[in-house]
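Novice: kindly generate the corresponding structure for this input.
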Amino acid sequence: MSCSVIWEFAVEERLRPEFERAYAPGGPWARLFSEGDGFLETRLLRAKESPGVYQTIDRWASREAYANFKRSFAERYDALDEEVGDLSRRETYIGLFDEIDV
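Specialist: As a prediction, this is how the structure comes out:
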């Protein structure tokens, strides 16, 4: 069963273009994720009613694929987080969600 990892960010106006480049589907996060088996896609959402609020949705083929990525790429993940982490003033882990196919 596929799953999604969802994060929410609050970003200052002056940093929004750089944040969007870093977290967009073609950005460095998605490129790193794409090196892991089972990565499906990244989506970047911008809140219409709350300027500067974003959510990322990273889709994986399974919880196991995501867990394997986190283990195998932990050092590079942490390094990228350190590199771009200052682009937001708040970062909140929303959760890991199983996708439901009805």
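Novice: switch to C-alpha atoms for all contacts and neighbour counts from now on
Specialist: OK.
Novice: quick one, strands of the chain?
Specialist: 3-10, 39-46, 53-60, 90-98 (DSSP state E).
Novice: count of neighbours near T42?
Specialist: T42 is flanked by 24 other residues according to other CA atoms under 10 Å.
Novice: without its sequence neighbours, what residue ends up closest to it?
Specialist: D58 (4.4 Å; CA to CA, 6 or more residues apart in numbering).
Novice: tell me what the one you found is bridged to.
Specialist: V5, T42 (DSSP bridges).
Novice: any idea of the pLDDT on it?
Specialist: Predicted confidence (pLDDT) for D58: 98.
Novice: ditto for V102
Specialist: 83.
Novice: surely E8 touches Y93?
Specialist: Yes: E8 lies in contact with Y93 (CA atoms under 8 Å); the separation is 6.5 Å.
Novice: who has more neighbours, these two?
Specialist: Between E8 and Y93, counted using other CA under 10 Å, the more crowded position is E8 (20 against 12).
Novice: give me the number of residues near the residue nearest to the more buried one when sequence neighbours are not counted?
Specialist: The shortest distance from E8 to any non-neighbouring residue, by CA to CA, 6+ apart, is to Q55 (4.3 Å). Q55 has 20 neighbours, counted by other CA under 10 Å.
Novice: ok so, going back, could the strands of the chain be laid out in a markdown table, adding distance to F73?
Specialist: Formatted as a markdown table, the strands of the chain follow (distance: least, CA to CA, whole Å):
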| stretch | distance to F73 |
| --- | --- |
| strand 3-10 | 16 |
| strand 39-46 | 13 |
| strand 53-60 | 15 |
| strand 90-98 | 18 |
